[in-house]
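What follows is a predicted structure for the sequence shown.
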Amino acid sequence: MKQLEVTIMGQSYLLGCPDGGDARLLEAVDKVDIAMCKIRDAGKIKARDRIAVLAALNLAFELSDRPATPAPVMRPAGAANDAPNDSPDNAQISALLSRLDTALSVDGRLL
């Protein structure tokens, strides 16, 4: 695993990157940077941690709109393989994200 130095909202971070994952990591960094800068530039929120949480929620909400693809189930070595591979209920996730978005839009503050 190698390390990449990236900049998000003007601050440098040193991130671990799996071999061959450079392009995907840089794409993710770009999406996070754009989302955080957009929130910061709106001018209502100044705290970096709150901006990061709101950006994460917005990105998670966008991901919930995508068609679900089953993810492989990770099990400890030796675990039984008879458990069903259930994916999360997208309607419940969307409803929860909508409620979070509504609650946060009142004043844009988590606390």
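Looks like it came in fine.

hey, where'd the strands end up in the chain?
2-8, 11-17 (DSSP state E).

Which of those strands has the highest mean neighbour count?
strand 2-8 (a mean of 13; mean count of other C-beta atoms under 10 Å). Every residue, glycine included, has its C-beta placed from N, CA and C.

one step back: nearest to A42, out of the strands of the chain?
The closest of those to A42 is strand 2-8. By C-beta to C-beta, the value is 17.0 Å.

how about the CA coordinates for the closest one, as CSV?
Output in CSV follows, covering the C-alpha atoms of strand 2-8 (Å, rounded to 0.1, in the frame of the first residue of the first chain):
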residue,chain,number,x,y,z
LYS,A,2,1.4,3.4,-0.9
GLN,A,3,0.5,6.8,0.3
LEU,A,4,-0.9,9.8,-1.6
GLU,A,5,-0.8,13.4,-0.5
VAL,A,6,-4.1,15.1,-1.4
THR,A,7,-5.7,18.5,-0.6
ILE,A,8,-9.3,18.8,0.6
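
Next, the angle strand 11-17 makes with that strand.
Here the directions of strand 2-8 and strand 11-17 differ by 150 degrees (axes from the mean of the first three to the mean of the last three C-alpha atoms, to 10 degrees).

ok, for R40, nearest residue in space, not its chain neighbours?
Using C-beta to C-beta, 6 or more residues apart in numbering and skipping residues adjacent in sequence, the residue nearest R40 is I51, 5.5 Å away.

Cool, thanks, signing off.
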